[in-house]
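Q: Pasting the sequence and the predicted model now:
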Amino acid sequence: MPAIPAVSVDGLVMRYGDKLAVDGLSLTVEQQTITAVLGPNGAGKTTTLETCEGYRTPHQGTVRVLGLDPVRQRSELHPRIGVMLQGGGAWSGVRAMEMLRHMAKLHAHPLDVDMLAERIGLGDCGRTPYRRLSGGQQQRLALALALVGRPEVVFVDEPTAGMDPAVRRTTWELLEELRADGVTVVLTTHYMDEAEHLADTIHIIDRGRLVASGTPLELTRGGTVTTIRLVVTQPFPDGAPDSLREALGPETVVSQLDAVSLLVTGPADASTLAKVSRWCDEQGVLPESLTLGQRNLEDVFLDLTGGELTP
Amino acid sequence: MTGTFTPMPGAAPLPRQVLAQAGMEARLMLRNGEQLLLAVVIPAIVLVGGVQGSDRIGLDFSRPAVDVLTPGVLALAIMSTAFTSLAIATGFERRYGVIKRLGTSPLSRTGLLAGKVGALLLVEVLQVAVISGVGLAMGWSPRVDVVATVLALVLGTAAFAGLGLALAGSLRAEATLAAANLVYLLLLAGGAVVLPTSAYGDFGEVVRWLPSGALGNAMRDALIDSAVAWRELAVLVGWAVGGAVLTARTFTWE
């Protein structure tokens, strides 16, 4: 079965008026994985997701979900996918469990709604009208609505925005259980730690374009940039950064953090470390600590998008 | 794999989906105080007030006032549900993202519309029961043509529902609310719903082409003279087709 990708987007272009929201985006989501689509606000994440869900027709390019055209084959596709919207999606007067039961009735083999409510933590607000649910409860209901039809692919847009840390953990566990049970999860998120923790594959999108794809490990270690932080026991002599740069070669950047610490950024391997240590000897300074820095996903993201991550 | 969430997708059979949607929408409509007011209370007040006050305001019918007014009030009730309530409810469904949410469910557009019509019919059964009860209590003695009555109810519902959905599809929720209530009041006052077109003098020739006048006259013919008002029914079909075309053009899942 995993022969057909869960999602394949090829050369997608989407415009709102003059504004290019998605600019020739191509990406693939393999079945039975968790894939995170990461990007700053306005990067085109939601537009891309909503095109996969059949809300929008591509202006250029093609989108296939489970090999189907989401617009022209919607009746075939929609029973097989679950969608968690970013907000809303229920009548203001409907009770939480009533809404969940209703969605269950539209499917042929729905999950047991009481079990699902229990698992997602809707138990104590089942009879509460939607408009009186807290933001977190509305999020949980939205997730339950996406799952109740036993879909093959679920699209979750910012699934844990506004959730408290404990509920967030539970939600992560649930998404991991979905993958273990054979469901494909496609999520958009602002949260680096969420993508890093959950995703098998991360696609980073910026200004409607794919700027990087890979596993969290590939993205964080794949780059050539590493940092070395050198702290010494007594202040550096004058001109220390320049002299260290000379010793290491032109590809490195050396910046002085304070009187006793330097930060080296650049390609680093065993010989770099040896050179740093030899330079310390020559300068007559005694290293107190020499720390190798690893890029985290946030660094990668900032490098690639050059923007900040505004939740 | 036999985990809790192991995929087993599938759509429920269409009739079950439509029934679920109709039941849900009817429940929500009846749970809403303003909608109930519009659906049952206002028509009942119009009927009682009209019958009690017809002598004083100089309305002179050739038959007891209750016989003339009850069919018109039934038409008013249909209009309030199929047009005003439906337009407002659909406008807010769009605002709250309900339509969008349903847009990725197995429910098709046809299924959604069929569900809405089903909900209207459920509420209308209740309205007809209450209003007929009030009328009978005041001495209403109809000469019923069942086929003509059902035709008028169904075609009237179709005509108003098409217009209500088209309205909800073209305006924002608040504007839909305002417009739907305004049109309701204008048609109540000048649309020949409750009063026969003959009460409007020359203007009656115009209002009989409105869906309100056509439905009112069709109901009166069916329940006073036990007759089928073919021309009125044809007018309702025309409005229904126009409304359906407009709805199809304006409908989106968002």
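A: Yep, it's here.

Q: Which residues of the stretch 101-250 of chain B lie near chain A?
A: Contact residues, the stretch 101-250 of chain B versus chain A (C-beta under 8 Å from any C-beta of the partner chain): B:101, B:103-108. Using the backbone N, CA and C atoms, a C-beta is placed for each residue, glycine as well.

Q: packing partners for the host helix or strand of B:Val245?
A: B:Val245 is part of helix B:230-250 when elements are defined by DSSP states H and E. Where contact means 3 or more C-beta pairs under 8 Å, 6 or more residues apart in numbering or on different chains; DSSP states H and E, helix B:230-250 is packed against helix B:146-170, helix B:211-224.

Q: Highest mean neighbour count out of these?
A: helix B:211-224 (a mean of 28; mean count of other C-beta atoms under 10 Å in any protein chain shown).

Q: what pLDDT, on average, does that one get?
A: Per-residue pLDDT values over helix B:211-224 give a mean of 94.

Q: just to revisit the earlier point, mind putting the residues of the stretch 101-250 of chain B next to chain A into TSV with neighbour count?
A: Listed next are those as TSV, based on neighbours: other C-beta atoms under 10 Å in any protein chain shown:
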residue	neighbour count
B:Arg101	24
B:Gly103	24
B:Thr104	27
B:Ser105	24
B:Pro106	23
B:Leu107	27
B:Ser108	18
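
Q: could I get those as JSON lines with distance to B:Leu37 and secondary structure?
A: Listed next are those as JSON lines, based on distance: C-beta to C-beta, whole Å; DSSP: H, G, I helix; E, B strand; the rest coil:
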{"residue": "B:Arg101", "distance to B:Leu37": "28", "secondary structure": "helix"}
{"residue": "B:Gly103", "distance to B:Leu37": "31", "secondary structure": "helix"}
{"residue": "B:Thr104", "distance to B:Leu37": "34", "secondary structure": "coil"}
{"residue": "B:Ser105", "distance to B:Leu37": "31", "secondary structure": "coil"}
{"residue": "B:Pro106", "distance to B:Leu37": "34", "secondary structure": "coil"}
{"residue": "B:Leu107", "distance to B:Leu37": "29", "secondary structure": "coil"}
{"residue": "B:Ser108", "distance to B:Leu37": "33", "secondary structure": "coil"}
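
Q: Could you dump those residues into JSON lines with pLDDT added?
A: JSON lines is the format used below for these (pLDDT from 0 to 100):
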{"residue": "B:Arg101", "pLDDT": "94"}
{"residue": "B:Gly103", "pLDDT": "92"}
{"residue": "B:Thr104", "pLDDT": "93"}
{"residue": "B:Ser105", "pLDDT": "95"}
{"residue": "B:Pro106", "pLDDT": "95"}
{"residue": "B:Leu107", "pLDDT": "94"}
{"residue": "B:Ser108", "pLDDT": "91"}
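
Q: would a markdown table of those with distance to A:Glu251 be doable?
A: Putting those into a markdown table (distance: C-beta to C-beta, whole Å) gives the following:
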| residue | distance to A:Glu251 |
| --- | --- |
| B:Arg101 | 53 |
| B:Gly103 | 53 |
| B:Thr104 | 50 |
| B:Ser105 | 55 |
| B:Pro106 | 57 |
| B:Leu107 | 59 |
| B:Ser108 | 60 |
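
Q: can you pull the contacts of B:Gly139?
A: B:64, B:66 (C-beta atoms under 8 Å, 6 or more residues apart in numbering or on different chains).

Q: would you say it is within a helix?
A: No - counting by DSSP: H, G, I helix; E, B strand; the rest coil, one finds B:Gly139 to be coil, located in no helix.

Q: And the pLDDT for it?
A: 92.

Q: pLDDT below threshold where in chain A?
A: A:1-2, A:221-226, A:267-270, A:293-296, A:303, A:306-311 (pLDDT under 70).

Q: Which helix or strand in chain B has the lowest average pLDDT?
A: helix B:33-36 (a mean of 82; mean pLDDT, DSSP states H and E).

Q: how about that helix as PDB, C-alpha atoms only?
A: Output of helix B:33-36 as PDB, limited to C-alpha atoms (Å, rounded to 0.1, in the frame of the first residue of the first chain):
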ATOM      1  CA  GLY B  33     -35.400  30.800  21.300                       C
ATOM      2  CA  GLU B  34     -35.500  33.500  18.600                       C
ATOM      3  CA  GLN B  35     -36.100  30.900  15.900                       C
ATOM      4  CA  LEU B  36     -39.000  29.400  17.800                       C
END
